[in-house]
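In: Pasting the sequence and the predicted model now:
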Amino acid sequence: MLQRLRGDDGATMVEYGLMVALIAIVAVFAVQAFGGAVVGLFQSAANMF
C-alpha cells in the first residue's frame, strides 16, 4: 500500500504537461520573432518569378 502512495505516475504526467506548455510558449515566441523574416524571404523568392 505504501508503494502505491509513492507512485511516480502522477508526477510524470505533470512533467509532460509542463514540457508541452514550454514547447508551445517557445514556438509562439519563435513564430513572432522570425515570422516577418520568413514572410520576406518567401516574398522575395516569389518576386523572382
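Out: Arrived safely, thanks for sending.

In: Quick check: which ranges of the chain have low pLDDT?
Out: 1-11 (pLDDT under 70).

In: can you tell me which helix in it is longest?
Out: The longest helix of the chain (DSSP state H) is helix 9-47.

In: buried residues in that helix?
Out: Within helix 9-47, no residue qualifies as buried by neighbour count (16 or more other C-beta atoms under 10 Å). For glycine as for every other residue, the C-beta is placed from the backbone atoms N, C-alpha and C.

In: Show me how far it is from its chain's centre.
Out: Relative to its parent chain, helix 9-47 has a centroid offset of 5 Å by C-alpha atoms, centre = their mean, to the nearest Å.

In: Next, name the residue at the spatial heart of this protein.
Out: Residue closest to the average C-alpha location in the chain (C-alpha atoms, centre = their mean): Ile23, at 2.3 Å.

In: Could you tell me how far it is located from Ala33?
Out: Distance, Ile23 to Ala33, by C-beta to C-beta, to the nearest Å: 15 Å.

In: now swap in Gln43 and tell me
Out: For Gln43 relative to Ala33 (C-beta to C-beta), the value is 18 Å.
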